[in-house]
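Undergrad: sequence and predicted structure are below.
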Amino acid sequence: MNRQTGIIGYGHMGSMLAEGFLASGALEQEELVVTSRSLTAAEALRTRYPGITLAADNAGLARRCDLVVLCVRPPDVQRVLDEIIPALRGDEHLVSIAAAPDLKTLEDAYPGPVTRAMPSILSEVGRGTTLIAHESRTRTTEAERVERLFSAIGSVVRVGEENLAAATVISGCGPALIAAISEELLHAAVRGSDLTREDAGRLVRETLIGTAAYLEATGTSLEDLIRRVATPGGITEAGVAALQTDLPPVLDAMFERMLARNAALLSFGG
Ligand SMILES: NC(=O)C1=CN([C@@H]2O[C@H](COP(=O)(O)OP(=O)(O)OC[C@H]3O[C@@H](n4cnc5c(N)ncnc54)[C@H](OP(=O)(O)O)[C@@H]3O)[C@@H](O)[C@H]2O)C=CC1
Ligand SMILES: O=C(O)[C@@H]1CCC=N1
């Protein structure tokens, strides 16, 4: 039986997964097949890992692999499915990392085992969580194989598909959300003082990195960290109180907009 794993779509995520699976040893070079609309970037990977296979097209990859990971954007998934399904026997495991379509759509299109995986860019540094939702046809051994693969580049959390969108907001989207909030802190400092953008940017970045390192090293909860920094009657307390008053409706609206966008992707494929 063919045990090759295929990655379709060599963009931000596809390249991260390919690099991570190879560097961690989760896949031997000979076990990986990659294809994408343009093969230029993947050719650079093959220069470093000459044992990998580059497939000329999606159907060619599908014919070689028993695990196929779709790493294209939601509007491109249907077209890729149309190309690969005729080339599959029907028992290969199809894994989609796209925000849409949902498991039901994938399962209606393809008779074999299907899984949705939602990685995080943080897995590029071994610190991402991949959310995993399997459909009911996926057998334990197949589920474990996929989870082992993604565990090699970070942690894996199984979620019911009904919670995948909400968990994705925190996990897959989270690095961008935290970066956006940090940018707003920077802008507020520049608007409200004589600090240069460069100096404020450096301070925000160092504080962000240091906060993550502190949380990790001490195991402190977010709540406790706030308590440790906010001296009673001091300046942090004033800032935290302002955030606790003004931020919940802003974040509720953000969450709602993100879930609505996710629902739109699921309904229309983009
Ligand atoms: N970015 C993130 O942090 C996360 C993204 N995701 C999901 O991952 C998926 C990919 O995202 P991302 O990597 O950021 O997107 P990118 O646009 O960086 O990558 C998509 C890749 O798919 C290729 N592609 C497009 N159409 C086809 C096709 N018909 N056949 C083969 N390859 C094709 C593109 O090729 P070309 O470059 O030639 O156009 C591109 O390399 C999305 O569905 C997204 O929902 C999930 C979790 C996190
Ligand atoms: O923004 C997106 O749609 C993708 C899914 C999770 C992170 N990036």
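TA: Yep, it's here. Numbers count the residues shown, from 1 in each chain. Ligands and ions are numbered 1, 2, ... in the order given.
Undergrad: for the residue nearest to Ile85 when sequence neighbours are not counted, give its distance to ligand 1.
TA: Leaving aside its sequence neighbours, Ile85 sits nearest to Tyr110 (Cβ to Cβ, 6 or more residues apart in numbering; 5.6 Å). C-beta here means a position set from N, CA and C on the backbone, and glycine is covered the same way. As judged by Cβ to the nearest ligand atom, to the nearest Å, Tyr110 and ligand 1 stand 16 Å apart.
Undergrad: Tyr110: how many residues sit nearby?
TA: Tyr110 has 18 neighbours, counted by other Cβ atoms under 10 Å.
Undergrad: sec struct for the residue in the chain that ligand 2 sits nearest to, please.
TA: Relative to ligand 2, the nearest point of the chain is Gly172 (3.3 Å; Cβ to the nearest ligand atom). Using DSSP: H, G, I helix; E, B strand; the rest coil, the structure places Gly172 in coil.
Undergrad: which ones are touching it?
TA: For Gly172, the contact set (Cβ atoms under 8 Å, 6 or more residues apart in numbering) comprises Met118, Pro119, Ser120, Leu131.
Undergrad: ok, the second one touching Gly128?
TA: Yes: using Cβ atoms under 8 Å, Pro119 is in contact with Gly128, at 6.0 Å.
Undergrad: anything in contact with each of these two?
TA: Ile153, Gly154.
Undergrad: how far does the helix or strand hosting Ala18 sit from its chain's centre?
TA: Element membership for Ala18 (DSSP states H and E) is helix 12-23. Distance, stretch centre to chain centre, for helix 12-23: 12 Å (Cα atoms, centre = their mean, to the nearest Å).
Undergrad: for Gly174, which non-adjacent residue is spatially closest?
TA: Ser120 (7.3 Å).
Undergrad: quick one: the one you found and Asp108, what's the gap?
TA: 28 Å (Cβ to Cβ, to the nearest Å).
Undergrad: settle it for me: which of those two has more neighbours?
TA: Applying other Cβ under 10 Å to Ser120 and Asp108 shows that Ser120 carries more neighbours, namely 23 against 11.
Undergrad: got the phi/psi numbers for that one?
TA: Main-chain torsions, Ser120, degrees, to the nearest 10: phi -130, psi 150.
Undergrad: who's in contact with the residue in the chain that ligand 1 sits nearest to?
TA: Closest to ligand 1 within the chain is Gly11: 1.8 Å, counting by Cβ to the nearest ligand atom. Contacts for Gly11 were tallied using Cβ under 8 Å, 6+ apart; they are Ser36, Cys71, Val72, Arg73.
Undergrad: which strands and helices sit next to the lengthiest helix in the chain?
TA: Criterion DSSP state H: the longest helix present in the chain is helix 235-268. Secondary-structure packing of helix 235-268 (3 or more Cβ pairs under 8 Å, 6 or more residues apart in numbering; DSSP states H and E): helix 164-170, helix 222-229.
Undergrad: using JSON lines, please lay out these together with distance to ligand 1.
TA: As requested, those are exported to JSON lines (distance: least, Cβ to the nearest ligand atom, whole Å):
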{"stretch": "helix 164-170", "distance to ligand 1": "7"}
{"stretch": "helix 222-229", "distance to ligand 1": "23"}
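Undergrad: hey, which of these is tucked in deepest?
TA: Mean neighbour count (mean count of other Cβ atoms under 10 Å) peaks for helix 164-170 among the helices and strands packed on helix 235-268, with a mean of 18.
Undergrad: what's next to that one, contact-wise?
TA: With contacts defined as Cβ under 8 Å, 6+ apart, helix 164-170 is touched by 99, 116, 118, 131, 133, 157, 159, 177, 255, 258-259, 262-263.
Undergrad: now it: average pLDDT?
TA: The average pLDDT within helix 164-170 is 98.
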